[in-house]
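Participant: My questions concern the predicted model and sequence given below.
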Amino acid sequence: MAMKIDNELCTQCGDCEPECPTSSVVKRKGLYVIKAESCNECEDRDAPQCILACAVDDCIVPLAA
């Protein structure tokens with residue numbers, strides 16, 4: 001699985017980008033997105049680091065299968 005950013009909720013602050021250990025959070029066309037092909041939901045940590053860095057509830061959620 002991977003995470004995704006809800007760009008209707010995202011403030012584009014960029015706090016999540018440097019926290020991603022796989023460099024999966026990137027800015028494309030002015031919006032932050034998470035590259036599903038490299039995101040592993042921080043499986044080696046207690047929680048996805050992007051969610052911990054994000055100040056907006058439910059902005060970053062699991063990508064639906």
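Facilitator: Thanks, I have it.

Participant: ends of stretch 2-13, how far apart?
Facilitator: Counting by CA to CA, to the nearest Å, you get 21 Å between the two ends of stretch 2-13.

Participant: Quick one: low-confidence residue ranges for the protein.
Facilitator: By pLDDT under 70, the low-scoring segments of the chain are 65.

Participant: at 90 instead, please
Facilitator: For the chain, the stretches with pLDDT under 90 are 1, 64-65.

Participant: I'd guessed Tyr32 sits against Thr11; true?
Facilitator: No - Tyr32 is beyond contact range of Thr11, at 9.6 Å (criterion: CB atoms under 8 Å). All C-beta atoms are positioned from the backbone trio N, CA, C, and that covers glycine.

Participant: quick one: which of these two has more around it?
Facilitator: When Tyr32 and Thr11 are compared for neighbours, Tyr32 comes out ahead with 22 against 12, by other CB atoms under 10 Å.

Participant: Let me know the secondary structure of the more buried one.
Facilitator: State at Tyr32, reduced to three classes by DSSP: H, G, I helix; E, B strand; the rest coil: strand.

Participant: So for it, what's the nearest residue that isn't a sequence neighbour?
Facilitator: Residue nearest to Tyr32 in three dimensions, not counting chain neighbours: Ile5, with 5.4 Å by CB to CB, 6 or more residues apart in numbering.

Participant: Look up how far Ala64 lies from that neighbour.
Facilitator: Using CB to CB, to the nearest Å, Ile5 is found at 13 Å from Ala64.

Participant: With Asp6 instead?
Facilitator: Distance, Asp6 to Ala64, by CB to CB: 12 Å.

Participant: the strands in this structure, which residues?
Facilitator: Here the chain has its strands, by DSSP state E, at 3-5, 25-28, 31-34, 60-62.

Participant: what does the last one contact?
Facilitator: The contact list for strand 60-62, computed with CB atoms under 8 Å, 6 or more residues apart in numbering, reads 1-6, 16, 34, 41, 48, 50-51, 54.

Participant: who does that strand pair up with?
Facilitator: strand 3-5 (antiparallel) (DSSP bridges).

Participant: got the buried residues for the partner strand?
Facilitator: Neighbour counts over strand 3-5 (16 or more other CB atoms under 10 Å) mark Met3, Ile5 as buried.
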